[in-house]
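Enquirer: predicted model and sequence follow; I will ask about them next.
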Amino acid sequence: MFLKRSKKHVYLKNMAFSLVSKEDPQKSLDVVCKDKQEYEIWISALKYLIVAGPPPESSSSLPKLADLITPVETKTMRDNIHVANDVFMVGDGAWGQLGNGCDTFISEPVFIKSLLNAQVMQVVLGDKHTVAIDKDGDLWSCGYGGSGRLGVGHTAHSLVPIRVPCLEVIVSVSCGGMHSLAVSRSGGLFAWGSNLRGQLGIDHVGDVTTPCSVSISQVVAASAGAFHSFAIVNDKSLYSWGAGDYGTLGRNYLDDSLVPCLVRGLEDVSIIVSGSFHAVAVDTKGCLYTWGFGSSGCLGHGNFDICAVPKPVSWFKDMDAISVAAGVAHTVTVMRDRKTMESRVYSFGAINGPQSASRNVPVPTLMTQFRDENIRQVSCGAFHSAAITNSGDKIYIWDVAHELPLVINGLEGKVIRSVNCGGSHTCVMVAKEWLRDSETLSCMACLQDFTFVHRRHHCRRCGGIFCAKCTCRRHPLLYLGHIDPVRVCDPCFDHLVRE
Ligand SMILES: [Zn+2]
Ligand SMILES: [Zn+2]
């Protein structure tokens, strides 16, 4: 057998090869790889075999080629284009934080067309701004630009997401009130925006308008509050910095800190969630701790005191935390009972629902509205909260001041993957699928209305609907099983050429 690289299809260059039998040239095997990395593994292994010959039967030192290669997933493209998501936003858009090009309030979730091609993996919301990460680890932001919180080098507002210059591949991001934190693939931490109280952790105060490196390494997760920040590092210890009043830093003093310092008395931290002035942490055993400003009862300790060190919430001593969220003065958790394995939603702090006798409740209170629902994830905005069901078929949103959870309409039939609440806006991520005909009456590129002759065509990569002219280019999509070129829109074609 020998190696023959594909010349027939130029777009398969460095992606495919043929194995042809020396004895019988009619016998051949064409191999198309999922990506360049898989191709390189094949080529390296085949080159080795050509030089060294086949390994002896008993050899265990040579790794099996099959072990080096991850199987190509077969997906039904129409139902689930990729692991990427479609982004829907709802709520206050006064500063462009919805990313839909408008500055108005939206009462039903609206599809964010500007992120259609970006293959978005995560969206997080600040008080008046929004940051998204795409599949390549690039950052996009929109909304209020004051204090440089968009990270784009200036303080102007933006009604649509714009690219944030960051030199590293970003894997997760967290937005505080006016600043943001981004964790890179190599464990680095970047911060930008308001730095009034040292919340960027860069050893001085003063706003920063582009992502700058924080001197902490091996970061696995970060969470930003109103004027403070947290990071979990590789050994599962927790670091805090920024505004220290109210004991928010969890370090038993009330001074501000300009650089990350270890939070003592808390080990094996797996989750850190920052409210505006309080914090919620979960350790690897599932135990839940809170600390910070407790005047609303949002710490769940049975009082309204400030707590300057992490303290377990004794109410939850026989429960594991599944999902936790914190707002300005309230906390919402999904807890699973260790005996019955049943999950329940609890809230505490400023939760003046019709069922509550007083405005501020200092102990975890069961949200009976969810008694018959299996809730997977909760999120808190400044004064509102949201929850999604385990199956992803429903999303509830409620205002902590006076409303019961209500199912949000407009996402029927979609698979909801996650929800994230900001100051007064909410982002819902749903599994990416082909847009439905009813979702756009005009081409998403040239905006001309569809007619009997000006017909609809789906871009096979992003699932958007375009006219024939705006999807005239073709490209293979190997991860979806399209070896031959298929119809893609112009922005997707540009993405594919760059990849
Ligand atoms: Zn068009
Ligand atoms: Zn497309």
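Expert: Ah, there it is. Residues are numbered from 1 along each chain as shown. Ligands and ions are numbered 1, 2, ... in the order given.
Enquirer: where does this protein come near ligand 2, residue by residue?
Expert: Cys459, Arg461, Cys462, Cys489, Cys492 (C-beta under 5 Å from the ion). (C-beta placed from N, C-alpha, C; glycine too.)
Enquirer: now with 8 Å?
Expert: The chain comes close to ligand 2 at residues 116-117, 459-464, 466, 471, 488-493, as judged by C-beta under 8 Å from the ion.
Enquirer: let's see which of those end up in helices.
Expert: The members of the residues of the chain next to ligand 2 that map onto helices under DSSP state H are Asp490, Pro491, Cys492, Phe493.
Enquirer: run through the helices of this protein in chain order.
Expert: Using DSSP H, helices in the chain cover 36-52, 65-68, 490-498.
Enquirer: identify whichever of the ones you listed lies nearest to ligand 1.
Expert: helix 490-498 (9.3 Å; C-beta to the ion).
Enquirer: out of the helices of the chain, which is the most enclosed?
Expert: helix 490-498 (a mean of 16; mean count of other C-beta atoms under 10 Å).
Enquirer: which helices and strands sit right next to that one?
Expert: strand 473-477 (3 or more C-beta pairs under 8 Å, 6 or more residues apart in numbering; DSSP states H and E).
Enquirer: could you check the angle the strand it packs on makes with helix 490-498?
Expert: With axes from the mean of the first three to the mean of the last three C-alpha atoms, to 10 degrees as the basis, strand 473-477 and helix 490-498 are set at 50 degrees to each other.
Enquirer: given strand 473-477, what are its sheet partners and their directions?
Expert: Next to strand 473-477 in the sheet, as set by DSSP bridges, lie strand 482-488 (antiparallel).
Enquirer: I figured Met367 hits Tyr346, correct?
Expert: Yes - counting by C-beta atoms under 8 Å, Tyr346 is a contact partner of Met367 at 6.6 Å.
Enquirer: which neighbours do the two share?
Expert: Contact criterion C-beta atoms under 8 Å, 6 or more residues apart in numbering; residues shared by Met367 and Tyr346: Val332.
Enquirer: show me the contacts for the spatially most central residue of the chain.
Expert: In the chain, the centroid-proximal residue (C-alpha atoms, centre = their mean) is Gln122; its distance is 2.1 Å. Gln122 is in contact with Ala132, Ile133, Ser172, Val173, Met429, counting by C-beta under 8 Å, 6+ apart.
Enquirer: quick check, the residue in the stretch 1-150 of the chain closest to ligand 2?
Expert: Closest point on the stretch 1-150 of the chain to ligand 2, by C-beta to the ion, is Asn117, at 5.3 Å.
Enquirer: so for that residue, what's the pLDDT?
Expert: For Asn117, the pLDDT comes out at 86.
Enquirer: that one contacts Phe493, correct?
Expert: No - counting by C-beta under 8 Å, Asn117 stays clear of Phe493, with 9.7 Å between them.
Enquirer: isn't Leu189 up against Ser174?
Expert: No - applying C-beta under 8 Å as the test, Leu189 and Ser174 come out as separate, 10.2 Å apart.
Enquirer: find residues that contact each of the two.
Expert: Leu181, Ala182, Ala222.
Enquirer: number of residues surrounding the nearest residue to the first one once chain neighbours are set aside?
Expert: In other words, Leu181. Nearest residue to Leu181, sequence neighbours excluded (C-beta to C-beta, 6 or more residues apart in numbering): Ala222, at 4.1 Å. By other C-beta atoms under 10 Å, 27 other residues sit near Ala222.
Enquirer: now do the contacts for Ala222.
Expert: Ala222 sits in contact with Ser172, Ser174, Leu181, Ala182, Val183, Leu189, Ser229, Phe230, Ala231, Ile232, Ile272, where contact means C-beta under 8 Å, 6+ apart.
Enquirer: number of residues surrounding the fifth one?
Expert: One way to gauge burial is a neighbour count; for Val183, by other C-beta under 10 Å, it gives 21.
Enquirer: residues contacting it?
Expert: Ile170, Val171, Ser172, Val173, Leu189, Val219, Val220, Ala221, Ala222, Ala231.
Enquirer: closest to ligand 2 out of those?
Expert: Once C-beta to the ion is applied, the member of the contacts of Val183 that ends up nearest ligand 2 is Ile170, at 22.7 Å.
Enquirer: distance of the closest one relative to ligand 1?
Expert: 32 Å (C-beta to the ion, to the nearest Å).
Enquirer: let me know the pLDDT of that residue.
Expert: At Ile170, pLDDT is 95.
Enquirer: my guess is Val205 contacts Leu258, does it?
Expert: Yes - the criterion here is C-beta under 8 Å, and Val205 meets it with Leu258 at 7.1 Å.
Enquirer: intersection of neighbour lists for these two?
Expert: Gly198.
Enquirer: out of these two, which sits in the busier spot?
Expert: Leu258 (17 against 14).
Enquirer: need the nearest residue in space to the more buried one, chain neighbours excluded.
Expert: Leu258 sits nearest to Gly198 (C-beta to C-beta, 6+ apart), 4.0 Å away.
Enquirer: residues near Val334, how many?
Expert: Neighbour count for Val334, taken as other C-beta under 10 Å: 24.
Enquirer: cool, Leu288 as well?
Expert: Neighbours of Leu288 using other C-beta under 10 Å come to 25.
Enquirer: that one: what's it in contact with?
Expert: The contact partners of Leu288, taken as C-beta under 8 Å, 6+ apart, are Val280, Ala281, Val282, Pro312, Val313, Phe316, Met319, Ala321, Val324, Thr333, Met335.
Enquirer: what of Ser107?
Expert: Taking C-beta under 8 Å, 6+ apart as the test, what Ser107 contacts is Val90.
Enquirer: and what of His475?
Expert: Tyr11, Arg461, Pro485, Val486, Val488, Cys492, Phe493, Leu496, Val497.
Enquirer: number of nearby residues for the fourth one?
Expert: To tie it back to what came earlier, the one meant is Val486. For Val486, using other C-beta under 10 Å, the count is 18.
Enquirer: that one pairs with what?
Expert: Bridge pairing for Val486 - DSSP bridges - gives His475.
Enquirer: look up the closest residue to Leu98, ignoring the ones flanking it.
Expert: Met89 (4.1 Å).
Enquirer: the one you found touches Val110, doesn't it?
Expert: Yes - with contacts counted by C-beta under 8 Å, Met89 reaches Val110, the gap being 6.0 Å.
Enquirer: can you pull the pLDDT of the closest residue to ligand 1 within the stretch 51-200 of the chain?
Expert: Scanning the stretch 51-200 of the chain for the residue nearest ligand 1 gives Lys113, at 13.1 Å (criterion: C-beta to the ion). Listed pLDDT for Lys113 reads 91.
Enquirer: isn't it right up against Met444?
Expert: Yes - contact between Lys113 and Met444 holds when scored by C-beta under 8 Å: they sit 6.0 Å apart.
Enquirer: so between the two, which is more surrounded?
Expert: More crowded of Lys113 and Met444, by other C-beta under 10 Å: Met444, with 22 against 19.
Enquirer: neighbours of the residue nearest to Val208 when sequence neighbours are not counted, how many?
Expert: Spatial nearest neighbour of Val208, chain neighbours left out: Trp192 (5.0 Å); criterion: C-beta to C-beta, 6+ apart. Trp192 has 29 neighbours, counted by other C-beta under 10 Å.
Enquirer: what's the answer for Leu249, then?
Expert: 29.
Enquirer: please begin residue numbering at 735 from this point
Expert: Sure, I'll start counting at 735 from here, so that last one is Leu983.
Enquirer: does it touch Ser963 like I think?
Expert: No - using C-beta under 8 Å, Leu983 is not in contact with Ser963, being 9.3 Å away.
Enquirer: residues shared between the contacts of the two?
Expert: With C-beta under 8 Å, 6+ apart as the test, Leu983 and Ser963 both reach Ser974, Trp975, Gly976.
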